[in-house]
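Undergrad: Got a predicted model here, sequence first, then my questions.
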Amino acid sequence: MTRHLLIRGRVQGVGYRAWVQHEALRRGLEGFVRNRRDGAVEALFIGTQDVVAEMVQSCRQGPTAARVDDIIEADAALDARSWQRPGERFSVLPTM
């Protein structure tokens, strides 16, 4: 299963990307996370349906200092893996 998320709220400058990377790797997921210039965080998760659903639910809470106001969730194209950095299971990408 592949899910693409756009997470809005107080999600930049609070360790949200590092938290997402840690949680995704802990769950064995592939994908990426990055800040967006509009203040949102974008994430892509690739894994089994149950684990991806669990990660999406966790993103609704985020780390302690974060405040998640909204998550826009959608299916993602299978070629989304090409966005990962070579050799990394889950990448923190530059701001888009």
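TA: That came through fine.
Undergrad: so what's the residue nearest the centre of the chain bridging to?
TA: By C-alpha atoms, centre = their mean, the chain has its centre lying nearest to residue 43, at 2.8 Å. Note on residue 43: beta-bridge partners residue 5, residue 33, judged by DSSP bridges.
Undergrad: pLDDT weak spots in this structure?
TA: Across the chain, the ranges flagged by pLDDT under 70 are 77-82, 84.
Undergrad: I'd say the residue nearest to the centre of the chain and residue 5 touch.
TA: Yes - using C-beta atoms under 8 Å, residue 43 is in contact with residue 5, at 4.6 Å. C-beta: built from backbone N, CA, C; applies to glycine.
Undergrad: Give me the contacts around stretch 50-70.
TA: Contacts with stretch 50-70, where a contact means C-beta atoms under 8 Å, 6 or more residues apart in numbering, come from 1-3, 5, 7-11, 14-16, 19-20, 23-24, 27-29, 43, 45-47, 71, 73.
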